[in-house]
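Chemist: no FASTA, just this:
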């Protein structure tokens, strides 16, 4: 089960034109925003990544507006774990439960999830906040990840699991975000 004291989120490659061409782009981008907003309300560490931002573009304006002071970790590797600066920042957070969202499910998210798990992290893929250019690739990636023991969750399930109780101080704010 997710625990708020152990969790962090990585927004993987919600950037440039890629964010416009993935399957169900409007809905998935909205779900990423909801997850980020809820994570901010809950005080979770949030990491932003951008795959080859010089070619693909930087994190979308709608996400940057929510996280104006967050560093965007640029990288060329498909797995976020291969980036030394990001790996160090994640390790320094002291958190062991990784929540992943972003693009593309079958490449960067898939490889990142496998690498994080191999390095001792519990990994949750926020399935309604991930996508690929083709639905088939997303479906295959989620099936493979489930088979590897990666947890699948949704934005709403994640945020409510982290709060555990309607008496949580962020309950009203998170409830408004979900609606």
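Modeler: Looks like it came in fine. Not measured: the values here are computed from a predicted model.
Chemist: Would you pull up how far the strand ranked longest in the chain lies from the middle of the chain?
Modeler: Across the chain, the strand with the greatest residue count (assigned by DSSP state E) is strand 122-131. Its chain's C-alpha centre and that of strand 122-131 lie 6 Å apart, by CA atoms, centre = their mean, to the nearest Å.
Chemist: What is that strand packed up against?
Modeler: helix 25-42, strand 97-103, helix 110-118, helix 135-147, strand 151-153, helix 155-163 (3 or more CB pairs under 8 Å, 6 or more residues apart in numbering; DSSP states H and E). Backbone N, C-alpha and C define where each C-beta goes, glycine included.
Chemist: what's the fourth one packed up against?
Modeler: Read that as helix 135-147. helix 110-118, strand 122-131, strand 151-153.
Chemist: Of the ones you listed, which is nearest residue 25?
Modeler: strand 122-131 (7.0 Å; CB to CB).
Chemist: Need the contact partners of that closest one.
Modeler: Around strand 122-131, the neighbours that count as contacts under CB atoms under 8 Å, 6 or more residues apart in numbering are 2, 6, 22-25, 27-28, 31-32, 34-35, 96-105, 109, 113, 116-117, 138, 142, 145, 150-155, 158.
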